[in-house]
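In: One predicted model, sequence on top.
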Amino acid sequence: QVQPVESGGGLVQAGGSLRLTCAASGRTFSGYFVGWFRQAPGKDREFVAHIRWSEGGEFYADAVKGRFTISGDNAKNTVHLQMNSLKVEDTGVYYCAALRSGSWNRAYWGQGTQVTVSS
């Protein structure tokens, strides 16, 4: 099974940028959907974006469309989430997940990385 491992979180001012990385441990992302989710304090986890590793194709939540870009690096077996024009409301723990099929509840999840956007 694949185990996602996130990195790249941190503290940034509103309007700034961060790039998160999700690395595959154990096996490759081949055949998986790889997604990013986030959870703000006191709120439910919410979908941010996903990519189909083998076939390509990306999908974004409306809240991040036009500001965030998800991409895959085949050579390094990693998925990146480039986050630009960050807002205070983007603050939260960002999780990477890898899914073969079905509901994201059945995915393999990483431990998360904290993103804090200050005003």
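Out: Good, I have the coordinates. Numbers count the residues shown, from 1 in each chain.
In: Mind listing what's buried along stretch 85-103?
Out: By 16 or more other CB atoms under 10 Å, the buried positions in stretch 85-103 come out as 86, 90, 91, 92, 93, 94, 95, 96, 97, 98, 99. Every C-beta, even on glycine, is put in place using the N, C-alpha and C of the backbone.
In: tell me the phi and psi of the fifth one?
Out: Okay, so that is residue 93. Here is the backbone geometry of residue 93 (degrees, to the nearest 10): phi -90, psi 130.
In: Neighbours of the closest residue to it other than its chain neighbours, how many?
Out: In space, and not counting its chain neighbours, residue 93 is closest to residue 112: 4.2 Å by CB to CB, 6 or more residues apart in numbering. The tally of other residues near residue 112 (other CB atoms under 10 Å) stands at 18.
In: Need the residue closest to the centroid of this protein.
Out: Residue closest to the average C-alpha location in the chain (CA atoms, centre = their mean): residue 36, at 2.6 Å.
In: Per-residue pLDDT of it, please?
Out: With respect to pLDDT, residue 36 has a value of 98.
In: wait, isn't it in contact with residue 49?
Out: Yes. Contact criterion CB atoms under 8 Å: residue 36 and residue 49 qualify, at 5.2 Å.
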